[in-house]
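A.B. asks: whatever this is, show me its structure:
(2 chains)
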Amino acid sequence: MEEYWQPLETERNDVEEKIGVYICECGPNIAENVNIDEVTEVVSSLPSVEVVERHKLLCSEDGKKFLKNSIQEHGLTRLVIAACSPKQHESTFMKVCEEAGLNPHLFQLVNIREQCAWIIEDKEKATERATRYVRAALRRIPYHRPLEKREIDCNPDVLVIGGGITGIETSLLLAGPDRKVFLVEKTSSLGGKLREFEKLSPNMESTERLLEQKIKDIEKNDNIKVYTDSEVKEVLGFLGNFIAVVKSREDDEEIEIKVGSVAVATGFDLYDPMKDSRYGYGKFDDVYTAMEFEKMNLDGKILLKNGQSPKSVAIIHCVGREERGYCSGVCCAYSLKLARYLKAKLPNVKVSNLYSELSVPGKVYQKFYEDTKCMGVDFIRAGGIEVEEKTIKYTTDDGKGKNLPVDMVILAAAIQPTGDASKLAEMLKISLDKKGFFTEEHEKLGPVSTSMEGIFIAGCAQGPKNVVDSIVQAGAVAGKILSSVIPGKKLEPEVRTSEISEAFCVGCQTCLEVCAYGAIYFDEMKRVSVVNEILCRGCGNCAASCPSGAASLKHFTTTQIHQEVVEALR
Amino acid sequence: MNNGDVLVIGAGIAGIEASLLLAGAGRRVYLVEKTSYIGGNVIKYEHVFSNMECATCMVAPKQQELLGNEDIKLLTLSEVFDVEGSSGNFVVKVRKRARYVDPVNCIGCNTCFDPCPVSLKNEFEEGLGERKAIYIPCAGALPNVPAIDPENCVRFQGKDCQACKEACMFDAINFDEKDEELELKVGAILVATGFSSFNPNKISQYGYGKFGNVYTAFEFERMFASNGPTGGKLLLRNGQSPKSVAILHCVGRKEKGYCSAVCCMYSLKFIHYLKDKLPEVKIYELYSDLCIPGKSYQKFYEEMKEKGADIVRANEFSVVEEGKGIVIKSTLNGKERSLPVDMVILAPAMEPRGDASKLAKILDVPLDEHGFFREEPYNPVATPREGVFIAGCAQDPKDIQGSVAQSEAAVGRILATP
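C.D. replies: Got it, this is the predicted structure:
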């Protein structure tokens, strides 16, 4: 039988290692399926093993007390526990280590329950496997290094990019005496797209009144500094410690702002129907986009090019849907609103809505649709739409070709990301999806977070949605920031991070390409990659991709894994 | 002095997310949950759209974090029955029913189930499977501590049975535990009680309850679930696999008067479920209007369609028996169609929970015309009563992403209030 292990000289230190091994019976779960005495016998004879004990239930209050006392009594330097899944109790036992004065990373939890006792019927085979796993852990653990907790200061202030309803809401919720908000808006006034709508569906209430109140609240809030006619030029740093450069378009002045988190609320642009000749936009007179019509309505001038009022109007849904590849979610609802504008302002006008699928989710919109229908608006399910001079050609659901003569055509165009989204994404090191919207951290559980800690997205910048949902997301950003970037609180970043050996790094920058968190930067002077330990989440991608072995993940080094695997297979 | 503690009612995904964020901000949270487990409806699904992630794996880290967080006092088997006071100073009375199993001693080995003499239909499994009087709702449910159902346990009906206690090696069972009434002082209340499913037996034309092989979406979810009553096997009542399945959308939409927003998406998800287990199965999806808003949902629709399903518009469905099988009759543009299938899955509307009105009265907040909690205009997490907030499907039918965003927004409001 070969030598048990030969630790590298560089890994040994002069302290005599005393490793404690504790095997949990987990009631009958492990005890009945694994011969713990046999495991104990094999393991006791291994180098540096000071003590091997068994316990009925290590995670119980009694078990934890027993562990703590035993660690201290025997003066243990490293700890191996053979029990259940790390997911279940790794953190439990790490806390015990801390309380006993042992660095929690000098501990390995071996899963002999889910990965052994619960899946191997034959007791002899299960015992052999459990022994193997414990041996492997014992071979790995001398290579564990003590890792220390880190604490960093954080700046509670927030940069909000975009002064539409989403940015406004986020700012109002976040601003306070110990948290300043810097709200940067590209145009010369706050309000975003809402400035161009007379009313909002489904309440059909005045947008101006809503915005006016919100903007007044912003103006009288001393903790919100607004920069209009300004753009963010650069953002450096990381969670709790960002530096942003804001440039004013008026006087070219550049201002440096220090914040702890950033909220992107840059909104949307409307799809340009010029791209699809079927809709006749730009070709025939009196074909307008929804935004153009909103403006007409707001100005009180719903008129044709010839100066007369339209007698018949068609609103075409889903314009640009095919090309964009998604349903914008709001157009059916706002098309109903536009129909109502027409019916209210021009009582005898004939209004037809041409749609393919009517999308009115939620508790209020179906009634909004039905009531709109009752006002005399025609709803026509239409395919193969072709807009011609004062006529719309279309095909009905049962394949018949029809002509609809109209004075005016309104195109309900898709919602798409703003033109500068990609520039902003690059600046912030966050990603865009295939449609150009900012990517959230997790589709279900992280709708407003991004892969960059401290950078959030909300509103239509994240995806097409209506005003209420944008307000919700603004609130969500506030919730995330208020619960994590707290004045006076220190942030504790991940401890099991990657490190890159300057000596071995060849400067190929493969690691930068594979890092999803922007946690690696290239030092141009030394021509080596360096890990930002605050941003690093310990995923290991860089260590796995590094061709020279310079990048390694703490607590999962090649040596540690190799030793464990070699012993597990021996 | 305003109380910073928060009461969260409902330990589904919205309640869990809110509790974790609030605790992260240093607030103490009382999380009151009516059932014996956390996770709400999300843990009933095998996968979630559109990334088709395993639902239980997705929420497990949050659940574990919640259970280990000392600032969150989880009160399961509990209900709020009285609320007094005002924002910053609420006094809440909670009735905590006895679990009869000590969570400190119990290790979740499940040895107590086998000896229990009582077997009944498991509500979590939508009646497709059974449970004992001492039970956990499904494998993997958290906290991993059984509860005794006193209404069905024979000991509580007067018989002298101790089978579970005798089987327990950790002395975790205590028949003498009593229901408790607790008084909690909190500054804010968040209602995240979720939703119920419309019962299709109210509409006889769907054949639910009439024909054995007509299932609701939740029943189908549990059938497909690997921890469910069939271990994931898709079976008809006669034990055979279906060769053709129809999924009917918008069940109850007309009756309820609104679109439940998620059914088209999960019905498409079912195509994946079916093709995964039965690659040759013929699938029909019958819908009235396809509702797939958002940047990623149309792509999901196209991917599911490509797996091989007939997704067609149809109106006025009725499910009838013809010979030994089921036929779906529908009309489109005046033409009648007949579709023979082995199995029918109904996508019923999302509706408010049956106890929503009782809770609304206790909290003194209004419900809207559909029975959902009513939000303030342009302030979707606020109710007219200051200090009482709402999030998730208790307020309005929505998907998980919407519920999580809304619960985070409610936390934003709570933390922003001095």
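A.B. asks: now the helices for the stretch 451-570 of chain A?
C.D. replies: A:467-484, A:510-514, A:541-545, A:558-569 (DSSP state H, counting those that start in this stretch).
A.B. asks: columns distance to B:Asn201, mean pLDDT and mean neighbour count on top of these, output as TSV?
C.D. replies: Glycine gets a C-beta too; all of them are placed from N, C-alpha and C. Converted to TSV, the helices of the stretch 451-570 of chain A look like this (distance: least, Cβ to Cβ, whole Å; pLDDT from 0 to 100; neighbours: other Cβ atoms under 10 Å in any protein chain shown):
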stretch	distance to B:Asn201	mean pLDDT	mean neighbour count
helix A:467-484	34	97	27
helix A:510-514	54	95	17
helix A:541-545	52	96	19
helix A:558-569	56	94	16
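A.B. asks: make a markdown table from the ones you listed and add distance to B:Leu274 to it.
C.D. replies: Formatted as a markdown table, these follow (distance: least, Cβ to Cβ, whole Å):
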| stretch | distance to B:Leu274 |
| --- | --- |
| helix A:467-484 | 31 |
| helix A:510-514 | 37 |
| helix A:541-545 | 35 |
| helix A:558-569 | 40 |
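A.B. asks: these: which one's closest to chain B?
C.D. replies: helix A:467-484 (2.7 Å; Cβ to the nearest Cβ).
A.B. asks: got the buried residues for stretch B:334-350?
C.D. replies: Buried residues in stretch B:334-350, counted by 16 or more other Cβ atoms under 10 Å in any protein chain shown: B:Leu339, B:Val341, B:Asp342, B:Met343, B:Val344, B:Ile345, B:Leu346, B:Ala347, B:Pro348, B:Ala349, B:Met350.
A.B. asks: same question but for stretch A:427-439, I mixed them up
C.D. replies: For stretch A:427-439, burial by neighbour count (16+ other Cβ under 10 Å) applies to A:Met427, A:Leu428, A:Lys429, A:Ile430, A:Lys435, A:Gly436, A:Phe437, A:Phe438, A:Thr439.
A.B. asks: sketch out the low-pLDDT regions of the chain for me.
C.D. replies: No chain was given, so I picked chain A. Scanning chain A for pLDDT under 70 picks out A:1-14.
A.B. asks: right idea, wrong chain: chain B
C.D. replies: The model of chain B has pLDDT under 70 over residues B:1.
A.B. asks: would you list every one of the strands in the stretch 151-300 of chain B?
C.D. replies: B:180-186, B:188-191, B:195-197, B:214-216, B:244-251, B:282-287 (DSSP state E, counting those that start in this stretch).
A.B. asks: so which of the buried residues of stretch B:334-350 is the closest to B:Gly194?
C.D. replies: Using Cβ to Cβ, B:Met350 is the member of the buried residues of stretch B:334-350 that sits closest to B:Gly194, with 9.4 Å.
A.B. asks: please report how far the closest one lies from chain A.
C.D. replies: Distance, B:Met350 to chain A, by Cβ to the nearest Cβ, to the nearest Å: 9 Å.
A.B. asks: show me what contacts that residue?
C.D. replies: B:Phe195, B:Ser196, B:Ser197, B:Phe198, B:Ser260, B:Ala261, B:Val262, B:Cys263, B:Cys393, B:Pro397 (Cβ atoms under 8 Å, 6 or more residues apart in numbering or on different chains).
A.B. asks: so who does the fourth one touch?
C.D. replies: For B:Phe198, the residues meeting the contact criterion (Cβ under 8 Å, 6+ apart) are B:Val251, B:Gly252, B:Glu255, B:Lys256, B:Pro348, B:Ala349, B:Met350, B:Glu351.
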